[in-house]
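Undergrad: Return atomic coordinates for the entry below.
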Amino acid sequence: MELKNRLGENESPYLREASGQPVHWQVYSDEIFKLAEQLDRPILLDIGAVWCHWCHVMDRESYSDPVVAEIINKHFVPVKVDRDQMPDVDSRYQTAIGALAGAGGWPLTGFLTFDGKAFYGGTYFPKDDTHGRQGLLKLLPQIAELYATRRTDILRSAEEMFHHLKEYELNSAQRGELNEGIIGKIIDDARARFDKSFGGFGGAPKFYNPTALQLLAEEAISRNDPNLKEIVEATLDCIARGGVYDQLGGGFHRYSVDRYWHVPHFEKMLYDSALMLETYLLGLQLSGNVEGSVRGKFYARVARETADWITGRMRAPNGAFYAHQDADVDESDDGTYWTWTKRELEDVLTKEENEVAQLYFDIREMPGDIHEFPERNVLRITLEEKDIVKNSKASEDRILDLIGSARQKLLDSRNRRKPPFVEKTIFADRNGLAIGSLVEASIALKERKYFQAAEEAAAFIMDNMCDVHGNVAHAFSGGAVLYRGLLDDNVLFGNALLDLFEAARNEVHLYAAEKIAQLLLEEFNDGENGGFLDRPIKAEDHDSHMELRKKPIEDAPTPSGNSCAAILFDRLFVVTENRKYFEAADAALKAFAGSAERFGLHAANYARALRLHLGLIRNVR
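TA: You can find the predicted model right below:
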């Protein structure tokens, strides 16, 4: 049977970009596994995303090479998956290949048996051996030879690995009794991981861990704990001054490649900015909610700029919010849109503005921030306004005016550059996060426009992405819904509906949230063991090759589906006084009470849900 590349008509921009490659890529479906069995070939699985820099590198250097493609087409059934469109598929193979290779990430490269079980894999593979990484030109023939000559061994080891993964998933959800001690141990883990020098948790690469920061902020507020207050404020200060925060346009890049929050991976995800917006609003509350204070004004500015980025650059004409903005403009780029040379600042700013901006952002001739372009500076705040005033004849007001005018001119100049691609797919889970954070922003910042934007986004999703039973589709693109709704889609949008209801008391939002809750109980609930599966239970009947049952409790990086489900049910109980909602939350939380603490700060949202359920806090989003 002759295969051909079948990606050209797909809605995914990541898949469409590969439609011109000589590899005979197939779209992930049940039929692929039947085809692999029929052709008696292993499956080569590539999982990536349009925002992923190294995915593009591997596509360009490896999969576009005709010799590599010839080997793949002869010996494998190649399948390409967009992880944003199929996060349930991605999560399963991240677990499997991560166990085999010791690490996961994107691009994710897997070699599978015809029934979908992984037997080898890794992340980025170059064409040729380089820097200790085996190249595909050597690896692919080896895998093909092993599959042909040692089939029994491969099938047995793949089955054994799959059995171990099923055991791991079972152990991640261990029942127990609910108590405050679980919360304390998760908080203690965050304390232990805190980077006292630069904020955040752990070393490079450094992620925001927003749910952990939210947990610590809420705990600091309710218990007046100065140590937790210090952890949260130190982290928020460092992030907002760093290059991971877009100092000109607002919003947050995906993560920091270093410990210092200096150089980011430049893609900007809707979910990161939504979660960090909510976190800075909590930081504003923690600082006394006094915008007159230096820190309060700073957090309020970060929150307002981020909300403006979400409702501006990321807002679709239909009112919903786009998924993300890429890091790069083209294949030779690495963050040049977001960065500056010393000469570029001099060309844009007046002499006085330039002098202040170079001190404020620590602009240098050869900063070495980006390896490929060492002359380009990542903008970050390295000198406070008051410190600039000390070494200047200008007044503080004048310095503030110069910084403000410099930032605006640089933003105007950057807006004239060719911008990175914006992924215009509407994802329900990400929109849920954005809607909720904008409702909070409208209240905290007293900006009605943010509430209106949230309301319009919710209206679009209810009108276009929800069926009569309340199920929320995962994605909307090209005028149509794509893919079945997953747990995250339903619980994150359900909580967003409750945010809107609590702010404006529109019964439409409460009714829609209750329909989602009923759907969760009917189609996602593990009635025997407790907790909620990441996708509808009936999906397991069709995807026999994907029978690994996952009940997410880790925040990675969005809050876990089970913790958000418990929060949704408890919030509905408060509003409706219907006891079944309290019991649903109770069962979901108990399903993980015996294992949650071992995930430490990565189960922070579980701790937040448990605080709400035990009555230790009045409201959690």
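Undergrad: Show me the helices in the stretch 201-350 of the chain, by range?
TA: Listed from the start of the chain, the stretch 201-350 of the chain has helices (DSSP state H, counting those that start in this stretch) covering 210-223, 226-241, 270-286, 294-312, 342-348.
Undergrad: Just send the ones you listed back as JSON lines, with distance to R193, mean pLDDT and mean neighbour count too.
TA: Every C-beta, even on glycine, is put in place using the N, C-alpha and C of the backbone. Written out in JSON lines, the entries for the helices of the stretch 201-350 of the chain read as follows (distance: least, Cβ to Cβ, whole Å; pLDDT from 0 to 100; neighbours: other Cβ atoms under 10 Å):
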{"stretch": "helix 210-223", "distance to R193": "9", "mean pLDDT": "96", "mean neighbour count": "23"}
{"stretch": "helix 226-241", "distance to R193": "10", "mean pLDDT": "98", "mean neighbour count": "20"}
{"stretch": "helix 270-286", "distance to R193": "17", "mean pLDDT": "97", "mean neighbour count": "26"}
{"stretch": "helix 294-312", "distance to R193": "23", "mean pLDDT": "96", "mean neighbour count": "21"}
{"stretch": "helix 342-348", "distance to R193": "37", "mean pLDDT": "97", "mean neighbour count": "15"}
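Undergrad: Would you mind giving those helices as a markdown table with distance to F162 added?
TA: Shown next, in a markdown table, are the helices of the stretch 201-350 of the chain (distance: least, Cβ to Cβ, whole Å):
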| stretch | distance to F162 |
| --- | --- |
| helix 210-223 | 30 |
| helix 226-241 | 39 |
| helix 270-286 | 30 |
| helix 294-312 | 40 |
| helix 342-348 | 53 |
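Undergrad: of all these, which lies closest to K80?
TA: Among the helices of the stretch 201-350 of the chain, helix 270-286 comes nearest to K80, with 23.0 Å by Cβ to Cβ.
Undergrad: Give me the angle between the closest one and helix 294-312.
TA: Calculated by axes from the mean of the first three to the mean of the last three Cα atoms, to 10 degrees, helix 270-286 forms an angle of 150 degrees with helix 294-312.
Undergrad: and helix 270-286, what does it pack onto?
TA: For helix 270-286, the contact count by 3 or more Cβ pairs under 8 Å, 6 or more residues apart in numbering; DSSP states H and E identifies helix 210-223, helix 226-241, helix 294-312, helix 428-444 as packing neighbours.
Undergrad: how about it as PDB, C-alpha atoms only?
TA: Extracted as PDB, the C-alpha positions of helix 270-286 are listed here (Å, rounded to 0.1, in the frame of the first residue of the first chain):
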ATOM      1  CA  LEU A 270      -2.900  32.600  26.700                       C
ATOM      2  CA  TYR A 271      -3.000  30.200  29.700                       C
ATOM      3  CA  ASP A 272       0.200  31.600  31.200                       C
ATOM      4  CA  SER A 273      -0.900  35.200  31.000                       C
ATOM      5  CA  ALA A 274      -4.400  34.300  32.300                       C
ATOM      6  CA  LEU A 275      -3.000  32.500  35.300                       C
ATOM      7  CA  MET A 276      -0.300  35.100  36.000                       C
ATOM      8  CA  LEU A 277      -2.900  37.900  35.700                       C
ATOM      9  CA  GLU A 278      -4.900  36.200  38.500                       C
ATOM     10  CA  THR A 279      -1.700  35.700  40.500                       C
ATOM     11  CA  TYR A 280      -0.700  39.400  40.300                       C
ATOM     12  CA  LEU A 281      -4.200  40.300  41.400                       C
ATOM     13  CA  LEU A 282      -3.700  38.100  44.500                       C
ATOM     14  CA  GLY A 283      -0.300  39.800  44.900                       C
ATOM     15  CA  LEU A 284      -2.100  43.200  44.800                       C
ATOM     16  CA  GLN A 285      -4.500  42.000  47.500                       C
ATOM     17  CA  LEU A 286      -1.500  40.600  49.500                       C
END
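Undergrad: ok now it, how far from the chain's centre?
TA: Computed by Cα atoms, centre = their mean, to the nearest Å, the chain-centroid distance of helix 270-286 equals 14 Å.
Undergrad: cool, stretch 371-383 as well?
TA: Distance of stretch 371-383 from its chain centroid, counting by Cα atoms, centre = their mean, is 25 Å.
Undergrad: With stretch 131-142 instead?
TA: With Cα atoms, centre = their mean as the basis, the distance from the averaged C-alpha position of stretch 131-142 to the chain average is 30 Å.
Undergrad: Which residue ranges of the stretch 51-200 of the chain form strands?
TA: Using DSSP state E, counting those that start in this stretch, the strands found in the stretch 51-200 of the chain span residues 77-82, 108-112, 118-122.
Undergrad: swap that for the stretch 301-450 of the chain, please
TA: With DSSP E, counting those that start in this stretch as the criterion, the stretch 301-450 of the chain has strands spanning 324-325, 422-423, 426-427.
Undergrad: what's the distance between I403 and L359?
TA: Taking Cβ to Cβ, to the nearest Å as the measure, I403 falls 10 Å from L359.
Undergrad: circling back to that earlier point, any chance of the strands of the stretch 301-450 of the chain in CSV, plus mean neighbour count, mean pLDDT and distance to N224?
TA: Formatted as CSV, the entries for the strands of the stretch 301-450 of the chain read as follows, by neighbours: other Cβ atoms under 10 Å; pLDDT from 0 to 100; distance: least, Cβ to Cβ, whole Å:
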stretch, mean neighbour count, mean pLDDT, distance to N224
strand 324-325, 26, 96, 38
strand 422-423, 20, 96, 43
strand 426-427, 30, 98, 38
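Undergrad: Let me have those strands in TSV, adding distance to F162 as columns.
TA: Formatted as TSV, these follow (distance: least, Cβ to Cβ, whole Å):
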stretch	distance to F162
strand 324-325	32
strand 422-423	33
strand 426-427	29
